[in-house]
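Enquirer: structure here, sequence nowhere to be found:
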């Protein structure tokens, strides 16, 4: 439904990477050179497309993104790197561009070589089918265990920003995210684009935690082709943050097997970094997230998770609210109604607040419950 | 079946903490003053009994340990501390000892006040029932979600060492463990006992990972009453390591919902610390542990977990063996038979080896698979 910004075309085709025959190869193209920036995974084992795109982005410009699902092209050595280059080169040839104008991204199983002949054939087909109305096909092509496509848009002056993402598994703070592509017709200076993207990532994808794992393939690309003319830098960044936050939230909402969205807020920390670290520590507790699945108001697990966050807080002054009930006061059982807290945890949206009583900073991390369905999905992923 | 070392008596009684009516309060007593040492959780939120026992152990001696399951007495503030003191005092009175001669440990739900009247009555009953043959009752009293009691023994010269542990959930490296109590009739110098216990812990409980969480209540106590006379320090430490390793392994074997024991070895690391850190990073990957449950030879998850270990290894030279098959060579698919690796992962015991090709150090961390049953147990724990 969402249309692309001016000067962009996109598509998604079935290249045969997914055994189901679903759409698995996407192409996003700008009619003119675009300023481009990226954020990549911090995982030391970076997939071939990550290595290649990082190199291509050094120039700060790009014309197209080719992406596939079904195979991550990670842990595939020099052959994997050659495959990623072949994807860029083939897309470039088909579109009249150079290899270095094309960014590449992949998602799927790690440690298996790409069925490259199928992929290159698919790229040829995709190049012939890009259209201004092709966003949904592109957004569908990047899905793996996602149950729905993730699209968000915002505007800044005359310009529009449209982003798509895939997520569902392996999302955690301190990483880029799974895959996210943002197209905008704003005219943005290269430095502004880079800085805005990094700040927007910190305020969105780095504040969600799905399963504590950072993938080998995570990346976020933004292409700004200037077709709508210049925009105010602050307005642009605000719109970028809006798109990234919406997509990050959609990723959490569609997390593998999850039934709930949980906002974990840490208040009165010494500084924002500490608040984020504390909230992330709570979010990453497997035991707490089991309790969330069971609507169990076991706030002790919040304190226990905080206790291993390496933050020098005083447990004797911590307060905890679960679903609006102050279940813990000064590190001991509080006046809140634990039954009501348990009832609130049965809702689709849950709020947990930990008050450290140390300073004036706060942060919120979004996460989800972990269910037996998550385990099932990840137990059966390749076999 | 295992008898206690000379001069020790023990028991377990039902104090009514567990709704099931099962045995939930244990007492271990030495007939004479014992040299004593402890290792405690590194969780900043330390339970009341941990705070109290840490203080009591400063003198390096103890005569008794009182322990309950069903309630952790953690996040219970000053009332919790008073309850822990009352446990030590009541046990001391009943046994003719001072409060400071008694160590206290608790395990169970966090953030709920102890039903202290029941506990103190139980302590009175326990004090009247300690016997030289009471080890099994004591070992049973500390169980929570454990499916069986955990006992190990070893000898050093004329002395015997007998240990019991509870575990199952919340066990991870860099912690003391859940609960572990070791009694020995060896005569050991206080400093030797302390150092030996810390080294034995590093070589056992700190090399297992069940769910990445460190509890508020973990502790290991060793009491050496000297009834069997002096022993060689090296022989004693070797026996202590043997007991701790056996108990650590039993904890992993009985991990909540687990069906497999997985030995993760990192070889050719720069030093032992790095090897342990790398092995622990692999062991803590939720995605890998789902793959282990499903016997899925998805070795990419081993590499992806290594990639977030913060160790500056080169992914392009890493080799990985799964069940004896070299599935990854120099960071890419290896010559090993992935089908065979998958078959090996169907066994009860699985071996994963990652060769970093950086140096000469190695370490092994024991872990287990994560199953839907683990989620179920921890979803339904309190409600």
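Expert: Here it is on my side, so go on. Bear in mind that the values here come from a model prediction, so they are computed numbers and not experimental data. Numbering: from 1, shown residues only, chains lettered A, B, ... in the order given.

Enquirer: and stretch A:352-360, which residues are buried?
Expert: A:352, A:353, A:354, A:355, A:356, A:358 (16 or more other CB atoms under 10 Å in any protein chain shown). For the C-beta atoms, the positions are set from N, CA and C on the backbone; glycine is no exception.

Enquirer: ok, the closest residue to chain B within the stretch 51-200 of chain A to residue A:215 distance?
Expert: With CB to the nearest CB as the measure, residue A:110 is the residue of the stretch 51-200 of chain A nearest to chain B, at 2.5 Å. The gap separating residue A:110 from residue A:215 is 8 Å, by CB to CB, to the nearest Å.

Enquirer: so, low pLDDT: which residues of chain A?
Expert: Scanning chain A for pLDDT under 70 picks out A:168-177, A:210-214, A:377-383.

Enquirer: where do the helices sit along it?
Expert: Assigned helices in chain A, in chain order: A:48-56, A:77-95, A:116-127, A:135-141, A:190-202, A:233-253, A:272-283, A:286-293, A:300-306, A:338-344, A:372-379 (criterion: DSSP state H).

Enquirer: export these to TSV and tack on mean neighbour count and distance to residue B:17?
Expert: TSV is the format used below for those (neighbours: other CB atoms under 10 Å in any protein chain shown; distance: least, CB to CB, whole Å):
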stretch	mean neighbour count	distance to residue B:17
helix A:48-56	22	53
helix A:77-95	20	57
helix A:116-127	20	61
helix A:135-141	24	54
helix A:190-202	19	46
helix A:233-253	21	38
helix A:272-283	23	28
helix A:286-293	26	20
helix A:300-306	27	16
helix A:338-344	17	19
helix A:372-379	21	29
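
Enquirer: export these as a markdown table, with columns for distance to residue B:289.
Expert: Rendered in a markdown table, the data for the helices of chain A read as follows (distance: least, CB to CB, whole Å):
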| stretch | distance to residue B:289 |
| --- | --- |
| helix A:48-56 | 25 |
| helix A:77-95 | 26 |
| helix A:116-127 | 31 |
| helix A:135-141 | 30 |
| helix A:190-202 | 28 |
| helix A:233-253 | 22 |
| helix A:272-283 | 19 |
| helix A:286-293 | 10 |
| helix A:300-306 | 19 |
| helix A:338-344 | 29 |
| helix A:372-379 | 9 |
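
Enquirer: same list, the ones you listed, but as JSON lines with distance to chain B please.
Expert: Converted to JSON lines, the helices of chain A look like this (distance: least, CB to the nearest CB, whole Å):
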{"stretch": "helix A:48-56", "distance to chain B": "10"}
{"stretch": "helix A:77-95", "distance to chain B": "3"}
{"stretch": "helix A:116-127", "distance to chain B": "14"}
{"stretch": "helix A:135-141", "distance to chain B": "21"}
{"stretch": "helix A:190-202", "distance to chain B": "17"}
{"stretch": "helix A:233-253", "distance to chain B": "16"}
{"stretch": "helix A:272-283", "distance to chain B": "11"}
{"stretch": "helix A:286-293", "distance to chain B": "4"}
{"stretch": "helix A:300-306", "distance to chain B": "2"}
{"stretch": "helix A:338-344", "distance to chain B": "7"}
{"stretch": "helix A:372-379", "distance to chain B": "3"}
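
Enquirer: among these, which is nearest residue B:187?
Expert: Comparing the helices of chain A by their distance to residue B:187 (CB to CB), the top pick is helix A:300-306, with 38.0 Å.

Enquirer: which residues sit against the closest one?
Expert: Counting by CB atoms under 8 Å, 6 or more residues apart in numbering or on different chains, helix A:300-306 makes contact with A:278, A:281-282, A:284-285, A:287-288, A:291, A:313, A:315, A:318, A:320, A:322, A:328, A:331, A:352, A:354, B:43-45, B:72, B:74-75, B:109-112, B:213-216, all of which sit outside it.

Enquirer: ok, residue A:95 - contacts?
Expert: The neighbourhood of residue A:95, defined by CB under 8 Å, 6+ apart, consists of A:29, A:63, A:64, A:102, A:127.

Enquirer: now do stretch A:227-238: everything it contacts.
Expert: Counting by CB under 8 Å, 6+ apart, stretch A:227-238 makes contact with A:5-7, A:31-32, A:154, A:156-161, A:184-189, A:192, A:196, A:199-200, all of which sit outside it.

Enquirer: give me the buried subset of these.
Expert: Buried members of those, counted by 16+ other CB under 10 Å: A:5-7, A:154, A:156, A:159-161, A:184-188, A:192, A:196, A:200.

Enquirer: sort out for me which of the residues you listed are in strands.
Expert: Where the buried ones among the contacts of stretch A:227-238 overlap with strands, as defined by DSSP state E, the overlap consists of A:154, A:156, A:159, A:160, A:161, A:184.

Enquirer: I figured the fifth one hits residue A:182, correct?
Expert: Yes: contact status for residue A:161 versus residue A:182: in contact at 6.0 Å, counting by CB atoms under 8 Å.

Enquirer: joint contacts of those two?
Expert: Overlap of the contact sets of residue A:161 and residue A:182 (by CB under 8 Å, 6+ apart) consists of A:240, A:243.

Enquirer: anything in the strand ranked longest in chain A near chain B?
Expert: Secondary structure of chain A per DSSP E: the longest strand is strand A:25-40. No: using CB under 8 Å from any CB of the partner chain, strand A:25-40 stays clear of chain B, with a minimum separation of 12.3 Å.

Enquirer: buried set for that strand?
Expert: In terms of neighbour count (16+ other CB under 10 Å), strand A:25-40 has its buried residues at A:25-30, A:34-40.

Enquirer: for stretch A:307-327, buried residues please.
Expert: A:307-309, A:311, A:313, A:315, A:318-323, A:325-327.

Enquirer: and the residue lying closest to residue A:267 once chain neighbours are set aside, what does it touch?
Expert: On the basis of CB to CB, 6 or more residues apart in numbering or on different chains, the spatially nearest residue to residue A:267 that is not a chain neighbour turns out to be residue A:362, at 4.4 Å. When the contact criterion is CB under 8 Å, 6+ apart, the partners of residue A:362 are A:265, A:266, A:267, A:268, A:269, A:272, A:275.
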